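> what shape does this take:
(one chain, ligands or ions: 3)
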Amino acid sequence: MSQSPIDGVDIARLSTLQADFDHRLAHLLAWEGVSDAEVQQRVDEILAAVKARGDAALVEYSNRFDRLAVASMAELTLSEGRLRQAFEGLPAAQREALSSAAERIRAYHERQKPASWHYTEADGTVLGQQVTPLDRAGIYVPGGKAAYPSSVLMNAIPAHVAGVREIVMVVPTPDGILNELVLAAAYLAGVDHVFTIGGAQAVAALAFGTETVPRVDKVVGPGNIYVATAKRAVFGQVGIDMIAGPSEILVVSDGGTDPDWLAMDLFSQAEHDEDAQAVLVSWDLEHLQAVEASIARLLPTLERAPIVRESLARRGALIHCRDRDEAMLLINRIAPEHLELSVANPEGWLPQVRHAGAIFMGRYTAEALGDYCAGPNHVLPTSGTARFSSPLGVYDFQKRSSIIHCSAEGAGELGKLASTLARGESLTAHARSAEYRLKP
Ligand SMILES: NC(=O)c1ccc[n+]([C@@H]2O[C@H](COP(=O)([O-])OP(=O)(O)OC[C@H]3O[C@@H](n4cnc5c(N)ncnc54)[C@H](O)[C@@H]3O)[C@@H](O)[C@H]2O)c1
Ligand SMILES: N[C@H](CO)Cc1c[nH]c[nH+]1
Ligand SMILES: [Zn+2]
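Ligands and ions are numbered 1, 2, ... in the order given. As a prediction, this is how the structure comes out:
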């Protein structure tokens with residue numbers, strides 16, 4: 001396939017037969033946003049200012065970056081009453097949809113709850129693992145270019161299911177516009193505090209604490225380049241879930257799905273932002289061309305056509321591959337955030353898919369269903385990090401402590417082992433500590 005715009009739609013057309021395919025694919029997948037030096041420097045300045053000046057810096061940055069005119073953090077703090085009012089004021093259809101989605105997300109995450117466990121050895125020594133929730137979690141809900149009530153549910157519900165004592169949510173409100181659905185979702189999901197702040201300054205507030213914003217133990221949730229860079233910088237001071245980049249979708253089609261459906265599936269992620277990535281892979285060239293035609297016809301009908309157009313031009317691709325096996329190689333190489341297996345027998349593909357944040361099986365499972373209401377989390381590893389990272393889940397809001405309870409007999413046996421090993425390391429206080437408990 002060539003790389004020429006058709007009917008004003010600019011999208012890369014790649015073929016695995018091209019001599020430079022590997023190079024072109026690597027270029028397409030690269031997302032260097034987080035390491036951009038200018039962004040890094042700005043984020044460092046913001047983090048230092050919030051750490052040093054707390055609320056005053058938060059107010060200044062919010063006024064500057066979100067175009068507000070507030071005088072204090074009181075104006076950037078929402079009460080529980082305000083959240084309830086938002087929930088109760090929603091049109092019935094929205095309230096019911098939000099509640100149904102919340103129930104499904106909760107039911108799914110309930111199944112993720114890990115149990116503490118222990119076992120007893122023959123001499124009475126007990127070993128185990130105790131699972132405990134975080135005391136306080138900070139959830140970042142993006143709000144720059146779109147409002148994300150679904151992300152409130154996806155972040156807060158697993159925290160709640162995990163048993164987190166206090167959930168602190170931050171969400172920017174550019175131009176001071178509050179999104180009622182976002183507030184309603186916070187009420188429904190049991191968020192304890194909501195501050196209308198965003199970007200690196202919000203991450204700093206959660207990580208360091210300010211006069212108003214309580215310091216949390218872990219910051220989770222997706223966001224733009226400033227949010228991602230700030231999360232990476234505060235890691236260590238607090239925990240983080242992952243560095244989530246722009247949204248992505250990889251659709252693999254065997255040629256049997258309506259091209260209009262697939263074009264819209266690609267748009268659904270491309271419309272998130274200009275850096276989002278939408279890629280279609282197929283070994284059926286005519287089908288790829290049909291999807292291309294659907295893209296050209298449907299794109300102008302989109303509300304967010306300018307963002308989609310830009311995203312497809314910057315990072316989108318239609319990839320022609322040789323066959324199913326090569327499609328599978330591409331899946332595992334790309335390790336996409338979302339994988340749509342738009343094929344006749346998706347179950348047959350599943351055992352070979354090793355890297356993908358979420359896998360949408362078959363022609364009827366639009367990725368958009370997972371974004372809102374299927375149940376699994378939509379906060380997922382992006383930019384190839386599905387090679388080592390998992391969806392946000394209950395486990396992100398818990399930690400594990402090891403349990404060791406020696407019987408007198410067990411202490412004797414283990415003491416001998418420990419003493420020998422400690423003396424091998426020349427750590428004699430370790431050895432003697434173990435030896436005190438040996439049976440005479
Ligand atoms: N993975 C997921 O689950 C998921 C869900 C929803 C959205 N997303 C992604 O999250 C991202 C959301 O980005 P967004 O921009 O819409 O919202 P955002 O809330 O992440 O960022 C907005 C904030 O960025 C800061 N900012 C903007 N320009 C700045 C500048 N020049 N200097 C310093 N700070 C600046 C401002 O403080 C602003 O409040 C998108 O990439 C979207 O694809 C991911
Ligand atoms: N697709 C996003 C995650 O990449 C999640 C989302 C929220 N709303 C719509 N979509
Ligand atoms: Zn989405």
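
> what does the stretch 151-300 of the chain have sitting close to ligand 1?
Residues of the stretch 151-300 of the chain lying close to ligand 1 by C-beta under 6 Å from any ligand atom are 151, 172, 198-199, 222-224, 226-227, 244, 246-247, 272-273, 276. (Each C-beta comes from the backbone N, C-alpha and C, glycine too.)

> report the secondary structure state of V279.
Using DSSP: H, G, I helix; E, B strand; the rest coil, the secondary structure recorded for V279 is strand.

> that one contacts R333, doesn't it?
No. With contact defined as C-beta atoms under 8 Å, V279 does not count as touching R333 (11.4 Å).

> quick check: closest non-adjacent residue to L76.
Among residues not flanking L76 along the chain, T196 sits closest, at 4.9 Å (C-beta to C-beta, 6 or more residues apart in numbering).

> cool, and Y119?
In space, and not counting its chain neighbours, Y119 is closest to L127: 6.1 Å by C-beta to C-beta, 6+ apart.

> wait, a strand at that neighbour?
Yes. Remark: L127 belongs to a strand, assigned using three-state DSSP.

> which SSE is the residue in the stretch 251-400 of the chain that ligand 1 sits nearest to in?
Nearest residue of the stretch 251-400 of the chain to ligand 1 (C-beta to the nearest ligand atom) works out as H272 at 3.5 Å. Secondary structure assignment for H272, by DSSP states H and E: no helix or strand.

> report how many residues lie close to it.
24 (other C-beta atoms under 10 Å).

> quick one, what contacts it?
By C-beta atoms under 8 Å, 6 or more residues apart in numbering, H272 lies in contact with 145-146, 246-247, 307, 311.

> of the residues you listed, select the buried ones using a ChimeraX command.
To isolate the buried members of those in ChimeraX, using 16 or more other C-beta atoms under 10 Å:
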select :246,247,307,311
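
> and the contacts of H272 near ligand 2, which?
For ligand 2, the contacts drawn from the contacts of H272 by C-beta under 6 Å from any ligand atom are S247.

> looking at the chain, which helix is longest?
Criterion DSSP state H: the longest helix present in the chain is helix 92-110.

> keeping just the C-alphas, turn it into CSV.
The C-alpha atoms that make up helix 92-110 are tabulated as CSV, following Å, rounded to 0.1, in the frame of the first residue of the first chain:
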residue,chain,number,x,y,z
ALA,A,92,-33.3,10.0,34.5
ALA,A,93,-31.7,8.2,31.4
GLN,A,94,-28.2,9.5,32.3
ARG,A,95,-28.6,8.6,36.0
GLU,A,96,-29.8,5.1,35.1
ALA,A,97,-27.0,4.6,32.6
LEU,A,98,-24.4,5.8,35.0
SER,A,99,-25.8,3.6,37.8
SER,A,100,-25.9,0.5,35.5
ALA,A,101,-22.4,1.0,34.3
ALA,A,102,-21.2,1.5,38.0
GLU,A,103,-22.9,-1.8,39.0
ARG,A,104,-21.3,-3.7,36.2
ILE,A,105,-17.9,-2.2,36.9
ARG,A,106,-18.3,-3.1,40.6
ALA,A,107,-19.4,-6.6,39.9
TYR,A,108,-16.4,-7.2,37.6
HIS,A,109,-13.9,-5.8,40.1
GLU,A,110,-15.4,-7.7,43.0
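
> between V279 and R333, who's got more neighbours?
Comparing V279 with R333 by other C-beta under 10 Å, the one with more neighbours is V279, at 26 against 15.

> who does that one form a beta bridge with?
V279 has these beta-bridge partners by DSSP bridges: L250, A317.

> distance of it from F65?
With distances taken as C-beta to C-beta, to the nearest Å, V279 is found 31 Å from F65.

> hang on, the earlier thing: reformat the contacts of H272 as a markdown table; add pLDDT.
Compiled in a markdown table, those are given as follows (pLDDT from 0 to 100):
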| residue | pLDDT |
| --- | --- |
| K145 | 85 |
| A146 | 87 |
| P246 | 90 |
| S247 | 94 |
| I307 | 96 |
| S311 | 97 |
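
> pLDDT wise, what is the residue nearest to Y119 at?
Per-residue pLDDT puts L127 at 98.

> please enumerate residues in contact with the helix or strand A296 falls within?
Per DSSP H and E: A296 is located in helix 285-298. By C-beta under 8 Å, 6+ apart, the residues outside helix 285-298 that reach it are 1, 6-9, 11, 13, 253, 255, 259-260, 262-264, 266-267, 280, 282, 312, 318, 320.

> burial count for the spatially closest residue to V343 that is not a sequence neighbour?
Distances taken as C-beta to C-beta, 6+ apart place D254 nearest to V343, at 4.3 Å, with adjacent residues excluded. Number of residues near D254 (other C-beta under 10 Å) recorded here: 19.
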